[in-house]
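In: Fold the following.
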Amino acid sequence: MHVAVRLLNSNYLEDLDSGEIDLLIIPNALASESHPSDVLFTDTFSCVVWKDNTLVKRSITRNQYLQLGHVITEWDGGRLDSLDEMVLSRLGYRRRREIVDSCPIPQRRISRSACT
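Out: Okay, the predicted model is just below:
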């Protein structure tokens, strides 16, 4: 048996169709109706704000969230939107991108006004 863990790319469904990959663990919004699927877990979104950010106190409003700068994870060189970007777009919202990173865990970045 061989197991390889890869970051998602824009060809993930073609790779599944061709047999290049056998199993995908992806958000339901990215799943194809032509393949069987099952829910492994459910999750919610969270906004992580630097504790010394003077613009946000104990909670954050939608307007604050949209106006503050964000650290964004970019998948497959920007060819594939992240789930949170897809949800915001479907709701008609657009947030300010301050830092775009290809690392799925942008923990090494600190910005006084960025919402990560």
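
In: okay, and the helix or strand of this structure with the least pLDDT?
Out: The weakest-scoring helix or strand in the chain, judged by mean pLDDT, DSSP states H and E, is strand 114-115 (a mean of 50).

In: tell me which element the closest residue to residue 22 other than its chain neighbours is part of?
Out: Leaving aside its sequence neighbours, residue 22 sits nearest to residue 16 (C-beta to C-beta, 6 or more residues apart in numbering; 7.9 Å). Placement of C-beta: from N, CA and C, glycine included. Element membership for residue 16 (DSSP states H and E) is helix 12-18.

In: Next: residue 88.
Out: Using DSSP H and E, residue 88 falls within helix 83-90.

In: tell me how far that helix is from the chain's mean position?
Out: In terms of C-alpha atoms, centre = their mean, to the nearest Å, the centre of helix 83-90 is found 9 Å from the chain centre.

In: Contacts for that helix next, please.
Out: The contact list for helix 83-90 (C-beta atoms under 8 Å, 6 or more residues apart in numbering) reads 27, 29-30, 45, 72, 81, 94-95.

In: switch the cut-off to 6 Å
Out: With contacts defined as C-beta atoms under 6 Å, 6 or more residues apart in numbering, helix 83-90 is touched by 27, 29.
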